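Enquirer: Sequence and predicted structure are below.
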Amino acid sequence: MTITKADMSASARIYQNPAMPRELWFNFGWYIQKMQRFPSYEQWMGDFISKNDYDKIVRGVQDQLKDSSIAETAEELCGKAVCCSAASLCLCCPFCSCLVCLQRTGIFSLKTKSTAFLASSGVELDMRIEFVEYKSGQVGPPWCDSASKNLTLVAPEALKHQHGGPPPGCSLVITLQEAIPWPPPVTSAPPMEAMAGALTDAVKGAVKWAQSDEVQDAVQGAVDGAKGAAKAAVDWAQSDEVQDAVKGAVDKTKEAAKAAVDWAQSDEVQDAVKGAVDGAKGAAKAAVEWAQSDEVQDAVKGAVDGAKEAARDAAEWVQQVKPKQQAMDGCAVFGCCNGPDKTAQVDVVPVLDNSNVVATM
């Protein structure tokens, strides 16, 4: 890969042509790939071009040069061709001559493409592209840039450190309707005015972008795509396959419901239900009949009579015991009536007849 030694000292600077003050030269480097450096936008340029338009021009020119296949300047290649001819003792090396012709064709093509872009950019200014080689510079009135710095010629050797122009390399040349004071006065807009101007430019740029053919085409494409998708969905839903599938599902549901109804109304189910009802009725009737049977009634009556008799016996026993208890409360013979006698001994004599118990003191 060839490494160029192209000088970039004049790039990223804006010059006024002293011979034609209405011309401003925006030098941006060379036609070699990745060797472009555009001047930054400055406030004073707002009198003839907005920042958005300037940025648009810069991007467009960069796009035209980004695929450049040129690896060195024309003067660098011509110098190598001269050395090759001298080394081969040939006045003109066919190989080198072909390379020079190809390079000149490539440079011309890049300049043509860049000029065509400027014409179709929509920015209403008198603009052109200039490619200047080192030896094209001429000593003369100094070419001063916007920062009051004069251009110094860099080649050939005899012209080094001499003032003149135009600047070597590639330049965007804008011809104004009227010449402006040069160098331009350094003025800074008040912060609010600068912000308002920037905002206005941004809004204009956004509106112009939104109204551009690319955006409109993208929006229209998105709308058409959405419509196409919706139509495809409707067509699919109305297709024979989907309709048949839906109808099949409905038919199967109806068949299942009908089968369930038929089963519920079948003789087997009806007989089973009737049998269950009859069984329940029979069990209830049997329970009632059992409860009303003589055995149950007699058992209930016997239980009631037994309870009454037990209650009567208990009452009679109470009536018999109560007078004896009262009589014992008034006895003073034995110590047990007025309190227990702890010294008394009671002898129990067992007898064969357990019904009679004799106690001795």
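Expert: Received it, and whenever you're ready, just let me know what you need.
Enquirer: is it true that K34 lies in a strand?
Expert: No. Applying DSSP: H, G, I helix; E, B strand; the rest coil, one finds K34 to be coil, outside a strand.
Enquirer: Can you report how many residues neighbour it?
Expert: When neighbours are defined as other Cβ atoms under 10 Å, K34 has 9 of them. In short, each C-beta sits where N, CA and C put it, glycine included.
Enquirer: ok, now S148?
Expert: 10.
Enquirer: Assign a three-state SS to it, would you?
Expert: Following three-state DSSP, the label given to S148 is coil.
Enquirer: residues touching it, list them.
Expert: S148 makes contact with P183 under the criterion Cβ atoms under 8 Å, 6 or more residues apart in numbering.
Enquirer: how near is it to P142?
Expert: The gap separating S148 from P142 is 10 Å, by Cβ to Cβ, to the nearest Å.
Enquirer: Repeat that for S50.
Expert: To P142, S50 is 30 Å away according to Cβ to Cβ.
Enquirer: Would you point out which residue is most central in this structure?
Expert: By Cα atoms, centre = their mean, the chain has its centre lying nearest to A222, at 19.5 Å.
Enquirer: intersection of neighbour lists for S148 and P142?
Expert: With Cβ under 8 Å, 6+ apart, S148 and P142 have no common neighbours.
Enquirer: per-residue confidence for the closest residue to P184 other than its chain neighbours?
Expert: In space, and not counting its chain neighbours, P184 is closest to W44: 4.1 Å by Cβ to Cβ, 6 or more residues apart in numbering. At W44, the pLDDT value in this model is 96.
Enquirer: other SSEs contacting the helix or strand Y15 falls within?
Expert: Per DSSP states H and E, Y15 falls inside strand 13-16. Based on contacts counted as 3 or more Cβ pairs under 8 Å, 6 or more residues apart in numbering; DSSP states H and E, the elements that strand 13-16 packs against are strand 23-29.
Enquirer: helices or strands up against the strand it packs on?
Expert: Packed next to strand 23-29, using 3+ Cβ pairs under 8 Å, 6+ apart, are strand 13-16, strand 169-175.
Enquirer: Give the rounded mean pLDDT of the first one.
Expert: What strand 13-16 shows for mean pLDDT is 97.
Enquirer: Show me what that strand is in contact with.
Expert: The contact list for strand 13-16, computed with Cβ under 8 Å, 6+ apart, reads 23-27, 39, 42, 143-147, 149, 151, 165-167, 171, 179, 182.
Enquirer: In PyMOL, select just the buried ones from those.
Expert: To isolate the buried ones among the contacts of strand 13-16 in PyMOL, judged by 16 or more other Cβ atoms under 10 Å, type:
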select buried, resi 23+24+25+26+27+39+143+144+145+146+151+165+166+167+171+182
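Enquirer: number of nearby residues for the residue nearest to P184?
Expert: If you count neighbours by other Cβ under 10 Å, W44 ends up with 16.
Enquirer: how close does it get to V186?
Expert: 8 Å.
Enquirer: In the stretch 1-150 of the chain, what residue spans correspond to strands?
Expert: 13-16, 23-29, 126-132, 138-139 (DSSP state E, counting those that start in this stretch).
Enquirer: of all these, which lies closest to D251?
Expert: Closest approach to D251 among these (Cβ to Cβ): strand 126-132, 75.6 Å.
Enquirer: Now do that closest one against strand 169-175, angle only.
Expert: 160 degrees (axes from the mean of the first three to the mean of the last three Cα atoms, to 10 degrees).
Enquirer: follow-up on the earlier one: pull the distance from the strand holding Y15 to the chain's centre.
Expert: Distance, stretch centre to chain centre, for strand 13-16: 47 Å (Cα atoms, centre = their mean, to the nearest Å).
Enquirer: repeat for stretch 22-37
Expert: With Cα atoms, centre = their mean, you get 42 Å for stretch 22-37.
Enquirer: what's the span of it from first residue to last?
Expert: 23 Å (Cα to Cα, to the nearest Å).
Enquirer: Next, format the helices and strands packed on strand 23-29 as TSV and append distance to V203.
Expert: Compiled in TSV, the helices and strands packed on strand 23-29 are given as follows (distance: least, Cβ to Cβ, whole Å):
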stretch	distance to V203
strand 13-16	27
strand 169-175	24
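Enquirer: Out of those strands, which is the most enclosed?
Expert: Comparing the helices and strands packed on strand 23-29 by mean neighbour count (mean count of other Cβ atoms under 10 Å), strand 13-16 ranks first with a mean of 24.
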